[in-house]
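>>> What shape does this take:
(chains A and B)
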Amino acid sequence: AAGVIQSPRHLIKEKRETATLKCYPIPRHDTVYWYQQGPGQDPQFLISFYEKMQSDKGSIPDRFSAQQFSDYHSELNMSSLELGDSALYFCASSPRGRLAEAFFGQGTRLTVV
Amino acid sequence: AQKITQTQPGMFVQEKEAVTLDCTYDTSDPSYGLFWYKQPSSGEMIFLIYQGSYDQQNATEGRYSLNFQKARKSANLVISASQLGDSAMYFCAMREKNNNDMRFGAGTRLTVKP
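Numbering: from 1, shown residues only, chains lettered A, B, ... in the order given. Sure, this is the predicted structure:
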């Protein structure tokens, strides 16, 4: 069965650079969530999209932006990267209204040096 | 306000024994779902088990079962016959139907001892 695909799996950037993370949800899943998990931390909710519209916003810095495209894939854009942005970034997808289905991608490990 | 609370930062269990990982939650949404995920050292988030707020019976998936006590707002994960490969971080999460968000607890690090 198709799963949530995230790319790239690993990314190394320098301070003040930009990064773009991509998430391809499971087919027919219309909701995408983004999470940031720092070392030894629980996943922190950043932002979610439903049907290409932002549906909820968490602790996402102003330097970050995200969108969901017509094919339901989503991109998280991160600018002016800081050392503290080094983390594992997860994307999850689910069909709205079907609570039981929420699956995660394997994550993108971002390292800012 | 914290919606998901996992009060056990770390737990130890002897191989082949059962262990219970605690999770309490807070919501005013009558329709919600509770999830448990396992995160090994490799970092991936592995879905284990799901319990819906309207489910009459406790969820079970192989060696995993969920002790759902709705009135107490608790959803504890029970792992039976622990294996060395069960050593990992375990996260409880909740998804509320009305606001469509999904939030996590702080996690419990389980160590299975041989």
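>>> Contact partners for residue A:12?
Residues near residue A:12 by Cβ atoms under 8 Å, 6 or more residues apart in numbering or on different chains: A:110-113. (Each C-beta comes from the backbone N, C-alpha and C, glycine too.)
>>> In strands only, show me those.
Within the contacts of residue A:12, residues falling in strands by DSSP state E are A:110-112.
>>> Between these, identify the one with the most neighbours.
Among these, the one with the most neighbours (other Cβ atoms under 10 Å in any protein chain shown) is residue A:110, at 21 neighbours.
>>> what's the neighbour count on the nearest residue to that residue once chain neighbours are set aside?
Spatially, and ignoring its direct neighbours in sequence, residue A:110 is nearest to residue A:11 (5.0 Å; Cβ to Cβ, 6 or more residues apart in numbering or on different chains). Using other Cβ under 10 Å, residue A:11 is surrounded by 16 other residues.
>>> what distance separates the strand or helix carrying residue A:11 from the centre of its chain?
In this structure, residue A:11 sits in strand A:10-13 according to DSSP states H and E. On the basis of Cα atoms, centre = their mean, to the nearest Å, strand A:10-13 sits 15 Å off its chain's mean C-alpha point.
>>> for the very next helix or strand once past that strand, packing partners?
Using DSSP H and E, the helix or strand that follows strand A:10-13 in sequence is strand A:19-24. On a contact count with 3 or more Cβ pairs under 8 Å, 6 or more residues apart in numbering or on different chains; DSSP states H and E, strand A:19-24 meets strand A:5-7, strand A:10-13, strand A:74-78, strand A:87-94, strand A:108-112.
>>> and for strand A:19-24, what are the contacting residues?
Under the contact criterion Cβ under 8 Å, 6+ apart, strand A:19-24 has outside partners A:4-8, A:11, A:13, A:32, A:34, A:73-78, A:81, A:89, A:91, A:93, A:105, A:108, A:110.
>>> Quick check on those: which are buried?
When those are checked for burial by 16 or more other Cβ atoms under 10 Å in any protein chain shown, the buried set is A:4, A:6, A:11, A:13, A:32, A:34, A:73-74, A:76, A:78, A:81, A:89, A:91, A:93, A:105, A:108, A:110.
>>> what are the phi and psi values for residue A:85?
The phi/psi pair for residue A:85 (degrees, to the nearest 10) reads phi -80, psi -10.
>>> Using CSV, lay out the contacts of residue A:12 together with pLDDT.
Listed next are the contacts of residue A:12 as CSV, based on pLDDT from 0 to 100:
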residue, pLDDT
A:110, 97
A:111, 97
A:112, 97
A:113, 97
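>>> And the furthest pair within those residues?
A:110 and A:113 (10.6 Å; Cβ to Cβ).
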